[in-house]
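Asks: Compute the structure for the input listed below.
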Amino acid sequence: MKNRGRFLAILLCMSSMLVALDLKLSPQTIRPGDRVTLTISAQGKEVVFPKIKKIGGSAVLEESSGQNITLEKGKLTKTFTKNYVFEANRSFTLSPIEVQVDGKTLRTKPTRVTVEKKKSRKNGAFFFTLVADKTEAYVGEPIHITYTFRQKLDQKLVEANFNPPQFRDFWTKMHKKLPQEIEGEYIVYRITYTLTAKHPGKAKIEPARMDVGIMRKKKMADYSFERVRWKSVYANSLDFTIKPLPEGVSLFGNYKMEAFTDTNVTKANEPIHLTVRIEGEGNLDELESFSLKIPDATVYGDKARVSTVKGKQRFIQKFAILSDRNFTIPPLKVRYLDNKEHRVKSLETPQIPIRVLSFVQRDSQTSVIEPESQRKTPHPGVRIETAVVLSLLSGFLTGMLMMWSITKQKRKREKKKTKPTAREAIAKSRNDKELLSHLLPYSQKSPSIQQIIEQLEENLYMGGNHKIDPKKVAKALPDLLTPPKEEEILR
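Replies: Modelled structure (predicted):
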């Protein structure tokens, strides 16, 4: 009898441990991309659940906890639950999970998670596809891809979230989402990208994911309520073959190039503004800014900007060049692989000569030599008087020239002494062009000044209408050149 009692006690203890820990999966039928809820339930006074980051190779998306107290046969029972939400993409076996219950370590049983293979259905509720205009391209050649998501009209969709792949092998540019359209029984959404391959060889776009929230009705007892059920729909993957560009070439496409200045004649140490512009179809984003070097001249160049205008790319870079003597802007050259003829072509701008006027502009003198037959022989007496007059006149002119030279040197020294400061020069700017020339030396020293320079360039070359007061800029110059203190940044 004693042995029977002990045996019953052991059975009761084991049964209590078995029901103390439970594991469930929802839904029962799992398809690729479905969100699955793993629920662990444990009975006890104190329960500690583990921190789980991944289940079956997929990240845990959500966590939630719950507690339920029941009274049965005069005994209170506490049940703690922990929910883990993950996305099931493949079948796997879930290893035992350890849970601390009242100081004891309990383990769940190994559980098989089966993900059914997706069956293609002609009348499915959702379709998500990816297509490209080409699967073979050169490095830098634009590839246009389109994601198309189709939703059946009778589906009550609450929300749809697009999760693009990482595009590891490509540089990407996402365009605006196209407005939805109705095609037959489906509402159609399209998202377009322009890609350029980073390196030659094989490249791949992994499947993108669309998470859709579907409204579902659920009945419980005499009540019915609506709840959102999340489902993930995957697009297909695409493989590409990427060919290398010829050596020394980084551009692919079709372009035209020009370089021009605002004037070809300037005063000493006043800037000439040079604009370099390249337009066409291709990958101008890959073109680096030009570096311009001119002997006996100071060159300030801004960073090139690439924009898209009416479907074509536009590369613009601006320079300001100062010198006290004549100089020539050298040709600029670009090589690219033509997208139609598939051969390397070159674009080159012509050299631009610039004439610089000196401070003192002398009038050119022209001497006229008369024929000997027309020369008159003066009378001897007149010759002596003329020589005396010429001698006196020569001395007078020499004295005047010396006085003028001394006065000029004195004025030049005074002018050097009273040379205006940078703030004064900026404040006295009569127009946007003068203000730009005074600010260019500070373009790399302050982001705020660089922003003002860009606005001035838009006014001068792109029809902008930014109102910029030179006096206000001059007054704020010390603050613009001084970086903010750390405590100011943290405010």
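Asks: And the pLDDT for the residue nearest the centre of the chain?
Replies: Central residue of the chain (Cα atoms, centre = their mean): residue 173, 8.8 Å from the mean position. For residue 173, the model assigns a pLDDT of 85.
Asks: and what of the one 10 residues further on?
Replies: In the predicted model, residue 183 carries a pLDDT score of 88.
Asks: Roughly how far does it sit from residue 160?
Replies: 17 Å (Cβ to Cβ, to the nearest Å). Just so you know, the C-beta spots here come from the backbone N, C-alpha and C atoms, and that holds for glycine as well.
Asks: So between the two, which is more surrounded?
Replies: residue 160 (15 against 9; other Cβ atoms under 10 Å).
Asks: residues contacting that one?
Replies: By Cβ atoms under 8 Å, 6 or more residues apart in numbering, the residues touching residue 160 are 149, 151, 189, 210-213.
Asks: Looking at these, which two lie furthest apart in space?
Replies: With Cβ to Cβ as the measure, no two of the contacts of residue 160 lie farther apart than 189 and 213, at 14.8 Å.
Asks: When the two are compared, which one has more neighbours?
Replies: The neighbour comparison of residue 189 against residue 213 (other Cβ under 10 Å) goes to residue 189, with 19 against 16.
Asks: Any figure for the gap between the more buried one and residue 179?
Replies: 9 Å.
Asks: And what about residue 168, helix, strand or coil?
Replies: coil (DSSP: H, G, I helix; E, B strand; the rest coil).
Asks: Assess the claim that residue 47 and residue 98 are in contact.
Replies: No. If you go by Cβ atoms under 8 Å, residue 47 and residue 98 don't touch, sitting 11.9 Å apart.
Asks: quick one: which of those two has more around it?
Replies: residue 47 (23 against 13).
Asks: Spit out the contact partners of the closest residue to the more buried one other than its chain neighbours.
Replies: Computed as Cβ to Cβ, 6 or more residues apart in numbering, the closest residue to residue 47 that is not its neighbour in sequence is residue 80, at 4.1 Å. Residues in contact with residue 80 (Cβ under 8 Å, 6+ apart) are 41-44, 47, 49, 65-67.
Asks: who's residue 80 bridged to?
Replies: The partner list for residue 80 in beta bridges (DSSP bridges) reads residue 42, residue 67.
Asks: what pairs with the helix or strand encompassing residue 252, and is each one parallel or antiparallel?
Replies: Assigned by DSSP states H and E, residue 252 falls within strand 251-261. Taking DSSP bridges as the criterion, strand 251-261 pairs within the sheet with strand 272-282 (antiparallel), strand 333-338 (parallel).
Asks: Other residues contacting that strand?
Replies: 138-142, 245, 272-284, 286-287, 329, 332, 334-340, 347-350, 352, 354.
Asks: number of nearby residues for the nearest residue to residue 441 once chain neighbours are set aside?
Replies: Leaving aside its chain neighbours, residue 441 sits nearest to residue 300 (6.6 Å; criterion: Cβ to Cβ, 6+ apart). Neighbourhood size, residue 300 [other Cβ under 10 Å]: 21.
Asks: Can you point out the helix or strand that includes residue 300?
Replies: Going by DSSP H and E, residue 300 is in strand 298-301.
Asks: residues making contact with that strand?
Replies: Against strand 298-301 from outside (Cβ under 8 Å, 6+ apart): 271, 289-293, 317-323, 440-441, 443.
Asks: tell me the domain boundaries of the protein?
Replies: If you go by automatic domain parsing, the domain ranges for the chain are 18-113, 126-243, 253-357, 422-489.
Asks: quick one, which of the ones you listed is nearest to residue 404?
Replies: Across the domains of the chain, closest to residue 404 is domain 253-357 (Cβ to Cβ), at 20.9 Å.
Asks: quick one, what contacts the nearest residue to residue 323 once chain neighbours are set aside?
Replies: Residue nearest to residue 323 in three dimensions, not counting chain neighbours: residue 297, with 3.9 Å by Cβ to Cβ, 6+ apart. Neighbour list for residue 297: 321-323, 327 [criterion: Cβ under 8 Å, 6+ apart].
Asks: what's the closest of these to residue 230?
Replies: residue 321 (61.1 Å).
Asks: That closest one and residue 295 touch, don't they?
Replies: No. If you go by Cβ under 8 Å, residue 321 and residue 295 don't touch, sitting 11.6 Å apart.
Asks: okay, and the common contacts of the two?
Replies: Contacts common to residue 321 and residue 295, judged by Cβ under 8 Å, 6+ apart, are residue 327.
Asks: quick one: which of these two has more around it?
Replies: residue 321 (22 against 9).
Asks: Chain neighbours aside, what residue packs nearest to the more buried one?
Replies: residue 272 (4.8 Å).
Asks: what about the one you found, how many neighbours?
Replies: 22.
Asks: again, but for residue 71
Replies: Neighbours of residue 71 using other Cβ under 10 Å come to 8.
Asks: Around residue 83, how many other residues sit close by?
Replies: By the measure other Cβ under 10 Å, the count of residues near residue 83 is 16.
Asks: got the contact list for it?
Replies: Residues in contact with residue 83 (Cβ under 8 Å, 6+ apart) are 37-39, 62-66.
Asks: how far away is it from residue 293?
Replies: For residue 83, the distance to residue 293 - Cβ to Cβ - is 67 Å.
Asks: Check for me that residue 459 belongs to a helix.
Replies: Yes. Checked against three-state DSSP, residue 459 lies within a helix.
Asks: can you tell me which residues contact it?
Replies: Per Cβ under 8 Å, 6+ apart, neighbours of residue 459: 432, 465-466, 468.
Asks: still on that earlier bit, looking at the residue nearest to residue 441 now. What's its pLDDT?
Replies: 90.
Asks: May I have the beta-bridge partners of it?
Replies: Residues in beta-bridge contact with residue 300 (DSSP bridges): residue 320.
Asks: before we move on, the earlier item: redo the domains of the chain as CSV? Include distance to residue 407.
Replies: What follows is the domains of the chain, written out as CSV (distance: least, Cβ to Cβ, whole Å):
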stretch, distance to residue 407
domain 18-113, 85
domain 126-243, 65
domain 253-357, 21
domain 422-489, 25
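Asks: if we compare the ones you listed, which one ends up closest to residue 402?
Replies: domain 253-357 (25.8 Å).
Asks: how far is that closest one from where the chain is centred?
Replies: Counting by Cα atoms, centre = their mean, to the nearest Å, domain 253-357 is centred 23 Å from the centre of its parent chain.
Asks: start to end distance for that domain?
Replies: This stretch, domain 253-357, spans 42 Å end to end (Cα to Cα, to the nearest Å).
Asks: Spatially nearest residue to residue 192 (excluding sequence neighbours)?
Replies: Here the residue nearest residue 192, using Cβ to Cβ, 6+ apart, is residue 175, at 4.6 Å.
Asks: let me redo that: residue 279
Replies: Per Cβ to Cβ, 6+ apart, closest to residue 279 is residue 314, 5.1 Å.
Asks: ok and the host helix or strand of the one you found relative to strand 251-261, angle-wise?
Replies: Assessed by DSSP H and E, residue 314 sits inside strand 312-322. Orientation of strand 312-322 against strand 251-261 (axes from the mean of the first three to the mean of the last three Cα atoms, to 10 degrees) gives an angle of 40 degrees.
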